[in-house]
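Colleague: Predicted model follows, preceded by the sequence.
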Amino acid sequence: MKKYQTVDAVNYSQLKEGKNRLYFMSLDCKLAGDLYLPKGFDNEKTYPTVIYTRVGTQVKEQTGAIYGNKLSSKGYAFFVFDPKNFGDSEGEVRNYESIHNMVPNTTDAISFLRTLKFVDRARFYGLGACAGAPYICNVAIGDARIKAVATLVGNFDAAASLFGAYPKDILDKMLETAAEAKQKYYETGEYEMAPIFGGMPLPPPDSASQAMKDGYQYYFVRAGQDKFPNYTPNYPTIGLPVDPSRVFMNQAKYFTTPFLVIAGSEAFTHDMDREVYDMAAGEKEWMDIQGATHMDLYDNDEFLEPAIDKVDEFFKKY
């Protein structure tokens, strides 16, 4: 049996408050993560710990860095990682977003974190934003090591988001391109990259969905490749911009883990957040951030600060 991880894989003497780079194994790939540690960190003490599942297509330096700094300042150890195929992590096909990678990657990240002597196993929490919300919930529904889960602007139904965000003519073209690319990859091992916005003009026209407009503002204006070189606004054509199997709507009625759902009142994900919250079977809390769009809860302090305060308050209960 392969031994993926040992406790001495981490040099405790080099750990410091703020950001620390760590690596762990998952799906036979070496994955890179950033561990944010509280001010005055002492590796002989124990700390409540958060495993964060990032927004789809993102790298760890984007929303993960913002959330990591904010929650570590409140006393948490916070871990965000690049999943297989992304950023500083190994894996092919590059930038291929799939729940079938993210769930085992997240499970292995939890196992890795729990080998660290300063991680408090009794105070171990999950946090997911956008696509990260169904990722962490799909893990936590069958993993009792996660004591409570919080989500921000959870995009809980990728199929609805995909088929609702693109005009039919563009979506049909994307599906045809993906079908041809899958065949080519099978026969040759080669794949190509395409813009994540599916060929729509940029900036998006007035007729584009609000999700498309918000996405453009974030990924091309505020937090794009010019600021985060490990990020790319392109995806491999063997897939689609989002994985249609990334859904948590059907499982939510079985979810008994303590659950905090934070929505933006103006977010395109608001209604699906409410639907998942209403279905969840366990202890749960709801927070609606008035005036916030979906991407506001990625990096806009006006809306993000009260959300993070609520996450902290909620985790402290469990």
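Modeller: Here it is on my side, so go on. Numbering: from 1, shown residues only.
Colleague: so where's the stretch 101-250 of the chain shaky on pLDDT?
Modeller: Along the stretch 101-250 of the chain, the model assigns pLDDT under 70 to residues 165, 198-199.
Colleague: Sketch out the helices for it, chain order is fine.
Modeller: 132-140, 158-165, 168-188, 210-216 (DSSP state H, counting those that start in this stretch).
Colleague: I'd like to know which elements the second one is packed against.
Modeller: For helix 158-165, the packing partners by 3 or more C-beta pairs under 8 Å, 6 or more residues apart in numbering; DSSP states H and E come out as helix 210-216. Backbone N, C-alpha and C define where each C-beta goes, glycine included.
Colleague: switch to 10 Å and redo it
Modeller: With contacts defined as 3 or more C-beta pairs under 10 Å, 6 or more residues apart in numbering; DSSP states H and E, helix 158-165 has these neighbours: helix 168-188, helix 210-216, helix 270-279.
Colleague: what does it contact?
Modeller: Helix 158-165 has contacts (C-beta atoms under 10 Å, 6 or more residues apart in numbering) with 56, 97, 99, 130-131, 134, 155, 157, 171, 174, 197-198, 200, 208-212, 215, 240-249, 268-269, 271-272.
Colleague: Same question for the longest one.
Modeller: The list of residues contacting helix 168-188 from outside it, by C-beta under 10 Å, 6+ apart, reads 93, 162-167, 190-192, 194, 197-200, 235-241.
Colleague: Filter those down to the buried ones and hand me the ChimeraX line.
Modeller: Command for ChimeraX that selects the buried part of the contacts of helix 168-188, burial taken from 16 or more other C-beta atoms under 10 Å:
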select :93,162,165,166,191,194,197,198,200,235,236,237,238,239,240,241
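Colleague: ok, Gln14 touching Asn20?
Modeller: Yes. At 7.7 Å, Gln14 counts as touching Asn20 under the criterion of C-beta atoms under 10 Å.
Colleague: Between those two, tell me which one has more neighbours.
Modeller: It is Asn20, of Gln14 and Asn20, that has more neighbours when counted by other C-beta atoms under 10 Å, with 18 against 9.
Colleague: Which strand residues bridge that one?
Modeller: Under the criterion DSSP bridges, Asn20 forms beta bridges with Leu35.
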